[in-house]
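Enquirer: Generate a structure from the sequence data that follows.
(chains A and B)
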Amino acid sequence: MNAGGNFPFLLGLAAFLFSVGALGVLIRRNPIVVFMCIELMLNAVNIVFVSYGRFLNSEEGQVFAFMVIVVAAAEVVVGLALITQVFRLGRELDVDDLDEMRE
Amino acid sequence: MSVIIWIAGVLAAVSALGVVFSPQPLYSALSLVLAIGALAVIFLALNAQFLFVVQLIVYAGAVMVLFVFIIALLSPGADEQVRIDSRFVVGAVMAMGITVAMVVAARNGITINGNGVFRAQQIGQASDPYHAFSFDQSDLGLVNTAGNVQTVGGQLFTTFLLPFEITSLLLLVAAVGAVYLTRRGRSHTEPILRERAQARRPAPTLEEDRIEVEVG
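Expert: Down below sits the predicted model:
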């Protein structure tokens, strides 16, 4: 099984997914979609962790990817709670309008 | 194995574009489910069976259900078209910059010099195991045997025991924070914020009111 040939493809895929996620964070205005794009970026990082662990013969890549998944889950919980709270205040869901915390 | 990785990778890339460019948040969420499933397949092809299962259960199971639930609850109805404006141009340029920087870094290798500054460096030697594009495949370790859940679990409970326990603390804090943020009855702050929000935007007329009654 010549899996080493997949490594550039996987790194490129991770770079592409991270960039698309960053693009979404930068151009979208709906905070829910922004959160989904952040998930996309975290998943791209997970690909890098797992493929490096695979090709360096180390378990640590998978352990760190597991940690990233846990952090992503916690972040989504808190973020969606915040979005719910913003919606309860009767605001439009738009990241450009959310500047209450600055005042 | 390569064919599986390529198909799943292309699928993940296409659905990632779908996440960003879908006008409706629900379509974005469904595209993200597809991308996460494709990435789970890649994990399986890379011999990470534990992460495959965790990815499906935590992401596709829990996180995406939470996303879809929030979308259904809040129903942000206004379709947001992706406009080609200055914001889009800036975002696209920055995203392309990130891509180029990452590819260059993966191609050349990144080291930290004596001053603690990141510096791209040409490692060069094709046999160097830390060079991104060349790996010696002759030495397959324990992690690459089929069914490495035991190996990963062993690492998780021995070498990484403290981070693992801190992870549980993080989840506890997140759960408490979510309960605190979403509970009602913080009566001393909420009216102030609501007044501020009302003062900022004009009172909705009857047509703009959110409450719609469906008869029959």
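Enquirer: rest of the way, CA atoms for contacts and neighbours
Expert: Fine.
Enquirer: Am I right that B:Ala8 is in contact with B:Val41?
Expert: Yes. Counting by Cα atoms under 8 Å, B:Val41 is a contact partner of B:Ala8 at 6.7 Å.
Enquirer: what about the chain, any weak spots by pLDDT?
Expert: Using chain A. Low-confidence segments of chain A, defined by pLDDT under 70: A:1-5, A:91, A:99-103.
Enquirer: The chain in question should be chain B.
Expert: If you take pLDDT under 70 as the line, chain B has these spans: B:1, B:76-81, B:107-147, B:185-216.
Enquirer: switch the cut-off to 90
Expert: When residues are selected by pLDDT under 90, those of chain B lie in B:1-3, B:22-25, B:45-50, B:60-61, B:70-159, B:181-216.
Enquirer: can you give me the helices in it?
Expert: Under the criterion DSSP state H, chain B contains helices at B:2-21, B:25-45, B:49-54, B:64-74, B:86-108, B:149-157, B:161-182, B:190-200.
Enquirer: Single out the most deeply packed of the ones you listed.
Expert: Comparing these by mean neighbour count (mean count of other Cα atoms under 10 Å in any protein chain shown), helix B:25-45 comes out on top with a mean of 23.
Enquirer: hmm, who's touching it?
Expert: Residues from elsewhere that reach helix B:25-45 (Cα atoms under 8 Å, 6 or more residues apart in numbering or on different chains): A:32-33, A:36, A:40, A:43, A:47, A:50, B:1, B:4-5, B:8-9, B:11-13, B:15-16, B:18-22, B:49, B:51-53, B:55-56, B:59-60, B:64, B:67-68, B:71, B:76.
Enquirer: what's the answer for stretch A:62-82, then?
Expert: Applying Cα under 8 Å, 6+ apart, the external contacts of stretch A:62-82 come out as A:32, A:35, A:39, A:42, A:45-46, A:49-50, A:53, B:48, B:51, B:54-55, B:58-59, B:63, B:67, B:70, B:152, B:155-156, B:164, B:167, B:170-171, B:174-175, B:177-178, B:181-182.
Enquirer: how far out from the middle of the chain is it?
Expert: A distance of 9 Å separates the centroid of the chain from that of stretch A:62-82, by Cα atoms, centre = their mean, to the nearest Å.
Enquirer: relative orientation of the helix or strand containing A:Ala44 and helix B:64-74 in degrees?
Expert: Using DSSP states H and E, A:Ala44 maps to helix A:31-55. Calculated by axes from the mean of the first three to the mean of the last three Cα atoms, to 10 degrees, helix A:31-55 forms an angle of 170 degrees with helix B:64-74.
Enquirer: Run through the residues that contact the closest residue to A:Ala22 other than its chain neighbours.
Expert: Distances taken as Cα to Cα, 6 or more residues apart in numbering or on different chains put B:Ala95 closest to A:Ala22, at 6.0 Å, once the chain neighbours are dropped. B:Ala95 makes contact with A:19-20, A:22-23, according to Cα under 8 Å, 6+ apart.
Enquirer: same thing with B:Leu17?
Expert: Contacts for B:Leu17 (Cα under 8 Å, 6+ apart) come out as A:Val20.
Enquirer: do B:Ile84 as well
Expert: Residues near B:Ile84 by Cα under 8 Å, 6+ apart: none.
Enquirer: how far off helix B:149-157 does the biggest helix by length in chain A point, in degrees?
Expert: Secondary structure of chain A per DSSP H: the longest helix is helix A:60-88. For helix A:60-88 against helix B:149-157, the angle by the same axes, to 10 degrees is 70 degrees.
Enquirer: got the buried residues for helix A:60-88?
Expert: Judged by neighbour count (16 or more other Cα atoms under 10 Å in any protein chain shown), helix A:60-88 contains these buried residues: A:60-86.
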